[in-house]
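Peer 1: Dropping the sequence and predicted coords here.
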Number of protein chains: 2
Amino acid sequence: MRDVYLAGAGMTRFAKQPDRTLKELTEEAVLGAVEDAELSFAHLEVAFFGNAVAGSLTGQEMVLGQVSLRPLGIDCIPIFNIENACASSSSAFHLAWQGVAGGLYDAALVVGAEKMTHPDRARTFGALAGAVDVESFPLDGGAERSPFMDLYAEKARHYMETSGATIRDFAAVAVKNQYHGSLNPKAQYGAELDIETVLRSPEVVWPLTLLMCSPISDGAAAAVVVSRRLVRGRRQAIRVAASVVRSGVDPRKGSETSATVAAEAAYAAAGIGPQDIHCLELHDAAAPAELALYEELGLAAPGEGPALIRDGVTRLGGKLPVNTSGGLIARGHPIGATGLAQLVEIVQQLRGEAGPRQVPGARVGMAHNAGGWLQGDNAAVAVHIVVRE
Amino acid sequence: MRDVYLAGAGMTRFAKQPDRTLKELTEEAVLGAVEDAELSFAHLEVAFFGNAVAGSLTGQEMVLGQVSLRPLGIDCIPIFNIENACASSSSAFHLAWQGVAGGLYDAALVVGAEKMTHPDRARTFGALAGAVDVESFPLDGGAERSPFMDLYAEKARHYMETSGATIRDFAAVAVKNQYHGSLNPKAQYGAELDIETVLRSPEVVWPLTLLMCSPISDGAAAAVVVSRRLVRGRRQAIRVAASVVRSGVDPRKGSETSATVAAEAAYAAAGIGPQDIHCLELHDAAAPAELALYEELGLAAPGEGPALIRDGVTRLGGKLPVNTSGGLIARGHPIGATGLAQLVEIVQQLRGEAGPRQVPGARVGMAHNAGGWLQGDNAAVAVHIVVRE
């Protein structure tokens, strides 16, 4: 297996953008990533296109990558459409890594693009229900919220029991990520809030309030993955030290979650431990998940997740800033684009280009992205570790 | 890159199976493939799941592979959902090949599964319209036929002008493939017909009659792809000599189609030419396409396609039997499963296990699978060449 580099990354702003098409969002992200890599379209040998709900919301059920990339003139290379719910574009990134690591390609384009806004909000929430087993949980045509918020709320209530986390801890996560988002020009939201404001926002389903939940977003992100030969600018070489995707957990391993399984595999592949990470983007689809993930990813001992937010460890200025982009809550969560947006943030951090939200001296970054839900755990989890050489 | 072997292949019968779920179809195909490979589930390190229209027809827009494989207990390996319209499972196969060739995995499962029957036939036809650019060609809610038949009819009319092919030649393709299908117990249809019967069947859109068109089908196919280490039974080793996927054609190359581009790349990778192929499965979504593909794949010179069917070259007993499975027309065309079903047929032929439709001495087989439509050509084409060692 060859070394693989994340040569370039780009993204649109994440926001409600009902007037922009997937093609337009794709174009902006791809141009940004290719320019950032200091390469041209002629270098691209393959493309992996991640999307989750275009079929449900636009009717473009098939060949979305080809349809979206052709206007750019990217039309005579292999194009694969990759779906793993909210982990679609991190899964696409993994397959690009696989192709370059294996020696088949020197340059691969990865795209994650998603339009979630729809004139009928229930259509958007209904589409999200297609990320669970619909035979077991039939679609609710009149959904008033994402079915995932019920799942996250249930997990949050369980986590409160096992860790002693309070609803104020959950609100503190939202405060932190909203603050980080306020420093990110690509973020959908961002503000300096206090805990009371988060707690007073409308209840979605107890203990989640609206400001603890990731919003409906439109946006795209892209990356260019290359072999050593195509890395331009020696100082900026960002190496993919681990690329791991897991679906589900081994039922024989009891309480382990797929996040733990994937993170442990990633640490082993990269030859590092959680204490070596300088900046981390994780899948805070709802604020409580962030605290549980501190533990599942090995950053905190079992039950110790809340201490990290109480002590400011994961806020900018702390020892391990988490979700400096604003996370899913504030940067936004156009589901098929989220995994790559996490990597865009990590690349900027490792290059020292993150401006007011820069983590000083960041050299090792990690991204955790999760998708779908099946019998108590995510259906897919991707963990990437990238390092500045 | 390492040598990659197609260790096992299995499939359900293709047919209208409204009472069977995707999970049931998947289970039968996967059990068949894994048993055929003389391996167990514990050997499988990754799975690539191809499907195209489950989102449109069942609402299972996301994580279909995880949902379908979990009941089998295949639930703690990476699972990727791959879509390229009618070339979904051949694209999935290519990515499995990529993973094994690159050294990341020793055993990969590939599945193609599709349920197309729906109580409302217009829903099925409408779903197929999601394989073109829906912004340019809005979905027709009241579709009475697959939009692809209009595209194939237009291409057929053009081919008649350039090659001198007649409507009787097209009917002869259907006669041949129906005959082949009559010898395949997994085929949806199959009969000894005459040309007049094909011509007298209801017109779909001129010059296509119903018996020249692939039917609506339900079914699944699966394959196990391995490194040399996991090949059981030395005499049955089937090596993947070329795995090529292309999307679209280089606009600078004039009349070349993506089938030609992909076939030329596959011949080069395998180090053989079209004259070395002993059996071939190709994408006869409508009968005329088979004749044009004879030329596009290099089996016949430009304008010489019709001669191959007139002279019986591509019928069982001829020099190069094509679509011995019955092809899409007779074996059936559950779109996301078709690419792997082609490889199931090739494996059986190369092993000498094809019974009454055996091509004597077949040692080199090829499969051509196409998906989607974009500005005059398929959006994705996969060509595989496999050889018995």
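Peer 2: That came through, no problem. Numbering: from 1, shown residues only, chains lettered A, B, ... in the order given.
Peer 1: give me the residue from the stretch 251-389 of chain A nearest chain B.
Peer 2: Nearest residue of the stretch 251-389 of chain A to chain B, counting by CB to the nearest CB: A:Gly372, 3.7 Å away. Where C-beta positions appear, they are placed from N, C-alpha and C, glycine not excepted.
Peer 1: Equivalent analysis for chain A, please.
Peer 2: Chain B sits closest to A:Gly102 of chain A, with a gap of 1.6 Å, by CB to the nearest CB.
Peer 1: wait, what's in contact with that residue?
Peer 2: Residues in contact with A:Gly102 (CB atoms under 8 Å, 6 or more residues apart in numbering or on different chains) are A:1-2, B:1, B:98-99, B:101-104.
Peer 1: Break down the stretch 101-250 of chain A into its strands, ranges please.
Peer 2: Here the stretch 101-250 of chain A has its strands, by DSSP state E, counting those that start in this stretch, at A:107-115, A:203-205, A:208-209, A:218-227, A:238-246.
Peer 1: Now do the third one: distance to the chain's middle.
Peer 2: Going back to what we said before, that points to strand A:208-209. Centroid separation for strand A:208-209 versus its chain: 21 Å, with CA atoms, centre = their mean, to the nearest Å.
Peer 1: Within its sheet, name the partner strands of it and how each one runs.
Peer 2: Using DSSP bridges, the strands paired with strand A:208-209 in its sheet are strand A:203-205 (antiparallel).
Peer 1: any residues touching the strand it pairs with, and which ones?
Peer 2: Residues contacting strand A:203-205 (CB under 8 Å, 6+ apart): A:145, A:149-150, A:153, A:209-210, A:212-213.
Peer 1: Please repeat the previous calculation with a cut-off of 7 Å.
Peer 2: Residues outside strand A:203-205 that contact it (CB atoms under 7 Å, 6 or more residues apart in numbering or on different chains): A:145, A:149-150, A:153, A:209-210, A:213.
Peer 1: What mean pLDDT does that strand get?
Peer 2: Confidence for strand A:203-205, expressed as mean pLDDT, is 94.
Peer 1: list the buried ones in it?
Peer 2: Using 16 or more other CB atoms under 10 Å in any protein chain shown as the test for burial, strand A:203-205 gives A:204-205.
Peer 1: Then stretch A:306-326?
Peer 2: Buried, per 16+ other CB under 10 Å, within stretch A:306-326: A:306-309, A:313-316, A:320-326.
Peer 1: Give me the subset of those that lies in helices.
Peer 2: Assigned to helices by DSSP state H, the following of the buried residues of stretch A:306-326 qualify: A:306-309.
Peer 1: Which of the residues you listed sits closest to A:Thr12?
Peer 2: Taking CB to CB as the measure, A:Ile309 is the one of those closest to A:Thr12, at 29.5 Å.
Peer 1: How about that closest one: what's its closest non-neighbour residue?
Peer 2: Of all residues not flanking A:Ile309 in the chain, A:Ala172 sits nearest, at 4.8 Å (CB to CB, 6 or more residues apart in numbering or on different chains).
Peer 1: And for that neighbour, the neighbour number?
Peer 2: Using other CB atoms under 10 Å in any protein chain shown, the number of residues around A:Ala172 comes to 24.
Peer 1: How about A:Ala191?
Peer 2: 12.
Peer 1: wait, what's in contact with it?
Peer 2: Here A:Ala191 is in contact with A:178, A:182 (criterion: CB under 7 Å, 6+ apart).
Peer 1: so A:Asn347 makes contact with A:Ala7?
Peer 2: Actually, residue A:347 is Val. It isn't Asn. No. Counting by CB atoms under 7 Å, A:Val347 stays clear of A:Ala7, with 9.3 Å between them.
Peer 1: Skipping its backbone neighbours, what lies nearest the residue positioned nearest the centre of chain A in space?
Peer 2: Nearest to the mean C-alpha position of chain A, by CA atoms, centre = their mean, lies A:Gly339 at 3.1 Å. Distances taken as CB to CB, 6+ apart place A:Ser90 nearest to A:Gly339, at 2.9 Å, with adjacent residues excluded.
Peer 1: sec struct for that neighbour, please.
Peer 2: Here A:Ser90 is helix, with the state taken from DSSP: H, G, I helix; E, B strand; the rest coil.
Peer 1: again with A:Ala380
Peer 2: Per three-state DSSP, the local secondary structure of A:Ala380 is strand.
Peer 1: So what's the predicted local confidence for it?
Peer 2: pLDDT for A:Ala380: 97.
Peer 1: Relative to B:Ala270, which of the strands of the stretch 101-250 of chain A is closest?
Peer 2: Using CB to CB, the strands of the stretch 101-250 of chain A put strand A:107-115 closest to B:Ala270, at 23.4 Å.
Peer 1: and the closest one, which strands flank it?
Peer 2: Here, using DSSP bridges, strand A:107-115 pairs with strand A:46-50 (parallel), strand A:218-227 (antiparallel).
Peer 1: Can you say which of the strands of the stretch 101-250 of chain A is nearest to B:Thr124?
Peer 2: Among those, the nearest to B:Thr124 by CB to CB is strand A:107-115 (25.3 Å).
Peer 1: host element of the nearest residue to A:Pro185 once chain neighbours are set aside?
Peer 2: Leaving aside its chain neighbours, A:Pro185 sits nearest to A:Arg13 (7.2 Å; criterion: CB to CB, 6+ apart). Using DSSP states H and E, A:Arg13 is not contained in any helix or strand.
Peer 1: Report the distance from the helix-or-strand element of chain A with minimal mean pLDDT to the chain centre.
Peer 2: Least confident helix or strand, chain A: helix A:121-128 with a mean of 89, by mean pLDDT, DSSP states H and E. Offset of helix A:121-128 from its chain centre (CA atoms, centre = their mean): 20 Å.
Peer 1: ok, and for that helix, which residues are buried?
Peer 2: Neighbour-count burial for helix A:121-128, with 16+ other CB under 10 Å as criterion, is recorded at A:123-128.
Peer 1: now do stretch A:249-265
Peer 2: Buried, per 16+ other CB under 10 Å, within stretch A:249-265: A:249, A:256-265.
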